[in-house]
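Asks: I need the structure of the sequence given here:
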Amino acid sequence: MMKPFDLNGLKTYDLESRPSKVFQEDLGQPVSSEATVAEWLDSLPRQLAGNALRRVRDHLCRAHADGRTVVAALGGHVIKTGCAPYLIDWIHRGVVTAVAMNGSAAIHDFELAWAGKTSEDVSASLHAGKFGMARETADAFAVAARAGAENEIGLGAALGRHLERLACPYAESSLVLAAHRAGIPCTIHVALGTDIVHMHPHVSGAALGAASLLDFRLMCSVVAGMQHGIWMNLGSAVVMPEVLLKAVSVVRNFGHNLDGMVTVNVDKESRYRSTVNVLNRPGDEGIELTGHHEILLPLLHAATACKLAGHRSTSLALEHAA
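Replies: From the prediction side, this is the model:
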């Protein structure tokens, strides 16, 4: 019968001599009810996501100060959860210098600007044969696709122009329109057959494809200038990570230097493509913030706003943040 291991003679050492990962100064500190946002940020633990939040904030502020390219690439859920105003404010502040989105994000963006509401009850409308049958949404994309293809300006620019001409009642909520008015690139990357407007007969697949392909090539031009820039993948599990990967391949094929590019992924959970094609493969540093967009993006916006305003905040040096 096997006997228990004899632990007599076990070699030990002084705790003080042991390398450790967590120190007293890393601990979080409760704040008072009168605490400012900057003080609250400074109170977060110097661990894991607390450090990641500060690292992204520091990179954004540094890119802004140095005039570097910062791309916000997003899926539809970011718009649906009410986070466009934070990205719009970043555009106004000059933090975000280019916007890229999939088709669903553009659709939700248009509907909010035009009607002040978006996101239908799919379960209820699908069985009634009404899912995706909103007339104005399809009309807008039919017009924008043709204009974007025929005028060779791309889908994002054409939709921005169309929104401007429509004088939408809720124009201030549109990320596409904010990019158009700021004169920065806004690209829409369509996967044909995935969006509600593709079901409408007057929406041209040829025009959508041509306009969206122009947007991909425009985004290649943006990525070509991303040395020491930042690509933020916000809530896109498939389309935008694939767009980034192909754009990086194109610009490296032409010999452009992407040294120092930082990639950030913000989503509710880790996914294969966003992990591999955003965080691991393209840039020099990848940072992940996992959680709900409607919490993380306001936090990141507040952290960045505090530092841009010069308030005392979580000024954790990047070299010590890992």
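Asks: what residues are up against Leu214?
Replies: Residues in contact with Leu214 (CB atoms under 8 Å, 6 or more residues apart in numbering) are 148-149, 152-155. Bear in mind the C-beta positions are built from the backbone N, C-alpha and C, glycine included.
Asks: rerun at 10 Å
Replies: Shown in contact with Leu214 (CB atoms under 10 Å, 6 or more residues apart in numbering): 148-149, 151-158, 187.
Asks: list just the nearest of those to Ser125.
Replies: Nearest to Ser125 out of the contacts of Leu214 is Leu155 (CB to CB; 25.6 Å).
Asks: looking at the contacts of Leu214, point me to the pair that's furthest apart.
Replies: Greatest spacing in these, by CB to CB: Asn151 and Thr187 (15.3 Å).
Asks: helices along the protein, start to end?
Replies: Ranges of helices within the chain are 37-43, 48-66, 76-80, 84-93, 103-115, 122-127, 135-150, 155-166, 175-182, 205-224, 239-253, 272-273, 293-308, based on DSSP state H.
Asks: distance of the residue lying closest to Ala211 once chain neighbours are set aside relative to His301?
Replies: Nearest non-adjacent residue to Ala211, counting by CB to CB, 6 or more residues apart in numbering: Gly148, 3.2 Å away. Noted for Gly148: a distance of 30 Å to His301, by CB to CB, to the nearest Å.
Asks: the two: who's more crowded?
Replies: Neighbour count, other CB atoms under 10 Å: between Gly148 and His301, Gly148 has more, with 28 against 20.
Asks: quick one, what contacts that one?
Replies: Residues in contact with Gly148, defined by CB under 10 Å, 6+ apart, are 141, 154-162, 188, 207-208, 210-212, 214-215.
Asks: over to Ser32?
Replies: Under the criterion of CB under 10 Å, 6+ apart, the neighbours of Ser32 are 39-40.
Asks: and it, its phi and psi?
Replies: With angles defined as degrees, to the nearest 10, Ser32 sits at phi -80, psi 170.
Asks: pLDDT weak spots in the protein?
Replies: Along the chain, the model assigns pLDDT under 70 to residues 311-322.
Asks: now list the buried members of the contacts of Leu214.
Replies: 148-149, 153-158, 187 (16 or more other CB atoms under 10 Å).
Asks: tell me how far the residue nearest to Ala211 lies from Lys246.
Replies: Here Gly148 is placed at a distance of 20 Å from Lys246 (CB to CB).
Asks: now do stretch 186-193: distance from first to last residue.
Replies: End-to-end distance for stretch 186-193, by CA to CA, to the nearest Å: 21 Å.
Asks: then stretch 272-286?
Replies: Stretch 272-286 has an end-to-end distance of 14 Å (CA to CA).
Asks: quick one: distance of stretch 14-34 to the chain centre.
Replies: Here the centre of stretch 14-34 is set off from its chain's centre by 32 Å, with CA atoms, centre = their mean, to the nearest Å.
Asks: I should have written stretch 147-161 there, sorry.
Replies: Computed by CA atoms, centre = their mean, the chain-centroid distance of stretch 147-161 equals 22 Å.
Asks: only alpha carbons, please: show it as PDB.
Replies: What follows is stretch 147-161 as a C-alpha-only set of coordinates in PDB (Å, rounded to 0.1, in the frame of the first residue of the first chain):
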ATOM      1  CA  ALA A 147     -24.000  57.700 -55.200                       C
ATOM      2  CA  GLY A 148     -21.000  56.100 -53.500                       C
ATOM      3  CA  ALA A 149     -20.300  53.900 -56.500                       C
ATOM      4  CA  GLU A 150     -21.100  56.300 -59.400                       C
ATOM      5  CA  ASN A 151     -19.200  59.300 -57.800                       C
ATOM      6  CA  GLU A 152     -16.300  57.000 -56.600                       C
ATOM      7  CA  ILE A 153     -16.500  58.300 -53.000                       C
ATOM      8  CA  GLY A 154     -17.500  55.100 -51.200                       C
ATOM      9  CA  LEU A 155     -20.500  54.100 -49.100                       C
ATOM     10  CA  GLY A 156     -19.600  55.900 -45.900                       C
ATOM     11  CA  ALA A 157     -19.000  59.300 -47.500                       C
ATOM     12  CA  ALA A 158     -22.100  59.000 -49.600                       C
ATOM     13  CA  LEU A 159     -24.300  58.100 -46.600                       C
ATOM     14  CA  GLY A 160     -22.800  61.000 -44.700                       C
ATOM     15  CA  ARG A 161     -23.700  63.400 -47.600                       C
END
